[in-house]
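In: pasting the sequence and the predicted model now:
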Amino acid sequence: MNRGLLMGFENDMTQTIATRDSLAGAAIYTKTALKLYDFWVHGFSNHYLWNCPTEQLHAHYQRHTSNNHLEVGAGTGFFLKQVPFRVLKPRIVLMDLNQNTLEVASRAIQHYEPAGILVDILSDTMPTLPKFDSIAFNYVWHCLPAAPARKEQAFRHLASLLNKDGVLFGATLLRQNIPMNPLAKAVMTLYNQKGIFGNNADSRASLESALAANFSRYEIRQEGVAAIFSAWK
Ligand SMILES: C[S@@+](CC[C@H](N)C(=O)[O-])C[C@H]1O[C@@H](n2cnc3c(N)ncnc32)[C@H](O)[C@@H]1O
C-alpha cells in the first residue's frame with residue numbers, strides 16, 4: 001500500500017472521525033469475516049437472497065471504473081481486482097471506516113500500490129484530496145445506520161470529491177416496498193437488528209432524492225433487491 005497517502009493506520013483516526021453509530025456498519029468486517037465475505041455476499045447472497053446476479057455488479061464496475069478511482073467501502077476488493085485497468089499504475093484510493101478491509105483490499109490489488117484512508121463517510125468533514133474520475137460506492141449505503149435524509153451526507157461528500165466529468169456508481173440494497181423471498185426478509189431483519197445493515201427506511205424514492213440533491217443526472221436500475229445507480233455532476 002502506498003503509505004504516502006495513508007491516514008489513520010498509525011494513529012488510529014477511527015476514534016476521532018467516526019461517529020459511534022457508524023462503527024456498527026463496519027465492525028462486522030473482522031479478518032475472519034473477510035475470509036468468508038466473497039463467498040457469502042457475492043457467491044451466495046446476491047443470487048439466492050437479493051436476486052441480483054453478481055455479474056450485473058461486475059459489469060457496472062467494468063463500465064465505469066477509471067484510471068483515477070476512489071473505492072469507498074473497500075471490502076475485500078472483490079470487484080476492483082477484476083477490473084482490467086488500461087494503464088500499469090492507475091491512481092486508486094481506498095476509503096473505509098475499517099482498518100481490516102483497507103488492509104485486505106490493499107493486498108488484493110497491491111500491484112497497483114493503492115493508497116488507503118481511514119474515514120467515516122458520515123463524518124462532518126472529508127479529507128482534502130485531488131478529485132477522482134470515478135468513485136465506486138457499492139453495497140455501502142445500506143450499511144450506514146441512519147435515516148436516508150442523514151445518509152444523504154455520504155453522497156454530498158462524494159460529489160465534492162468527483163471531477164466535473166466523473167461518475168459515481170454502485171449499488172445498494174433497499175428495504176421499503178421491495179419484494180423479497182422469506183429467507184431474504186429474515187436475513188435483512190436480522191442484519192438491521194445487529195447493525196450490520198441500516199436500511200430499514202431505505203426506498204427507491206429516498207435513494208433517488210439523495211442522488212437528485214447532489215448530482216445533475218443519475219440513473220437507477222432495480223435488479224431484485226439491489227438498486228444499481230450511476231450519477232454525474
Ligand atoms: C458490504 S461491504 C461492501 C464492500 C465492497 N464495496 C463490495 O461491494 O463488496 C461494506 C463496506 O463499507 C464499509 N463501511 C461501512 N460503514 C462505513 C462508513 N460509515 N464509512 C466508510 N466505510 C464504511 C465497511 O467497512 C465495508 O468495507
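Out: Received it, and whenever you're ready, just let me know what you need.
In: got the end-to-end distance for stretch 72-83?
Out: Terminal residues of stretch 72-83 lie 16 Å apart, using Cα to Cα, to the nearest Å.
In: contact partners of it?
Out: The contact list for stretch 72-83 (Cβ atoms under 8 Å, 6 or more residues apart in numbering) reads 29, 34, 37-38, 41-42, 57-58, 61-62, 65, 69, 71, 92, 94-96, 101-102, 104-109, 116, 121, 135-140, 143, 158. (C-beta placed from N, C-alpha, C; glycine too.)
In: helices or strands next to the strand ranked longest in the chain in the packing?
Out: Across the chain, the strand with the greatest residue count (assigned by DSSP state E) is strand 162-173. On a contact count with 3 or more Cβ pairs under 8 Å, 6 or more residues apart in numbering; DSSP states H and E, strand 162-173 meets helix 54-64, strand 132-136, helix 148-160, strand 226-232.
In: do the second one and the ligand come into contact?
Out: No: among the residues of strand 132-136, none lie within reach of the ligand under Cβ under 6 Å from any ligand atom; the closest is 6.8 Å away.
In: about what we covered before: are any of the contacts of stretch 72-83 buried, and which?
Out: Buried members of those, scored by 16 or more other Cβ atoms under 10 Å, are 29, 34, 37-38, 41-42, 57, 61, 65, 69, 71, 92, 94-96, 101-102, 104-106, 108-109, 116, 121, 135-140, 143, 158.
In: rewinding a little: the contacts of stretch 72-83 in helices, which ones?
Out: Judged by DSSP state H, the subset of these located in helices is 34, 37, 57-58, 61-62, 101-102, 104-108, 158.
In: farthest pair in these?
Out: 107 and 158 (24.6 Å; Cβ to Cβ).
In: any idea how far the residue in the chain sticking out farthest from the centre lies from residue 135?
Out: Here the chain reaches farthest from its C-alpha mean at residue 182, the gap being 25.7 Å by Cα atoms, centre = their mean. Counting by Cβ to Cβ, to the nearest Å, the separation of residue 182 from residue 135 is 35 Å.
In: kindly report the same for residue 151.
Out: In terms of Cβ to Cβ, residue 151 sits 16 Å off from residue 135.
In: with residue 54 instead?
Out: In this view, residue 54 and residue 135 are 20 Å apart by Cβ to Cβ.
In: again with residue 150
Out: From residue 150 across to residue 135, the span is 20 Å (Cβ to Cβ).
In: grab the nearest non-local neighbour of residue 213.
Out: Spatial nearest neighbour of residue 213, chain neighbours left out: residue 152 (6.0 Å); criterion: Cβ to Cβ, 6 or more residues apart in numbering.
In: show me what contacts that neighbour?
Out: Residue 152 is in contact with 209, 210, 213, 214, counting by Cβ under 8 Å, 6+ apart.
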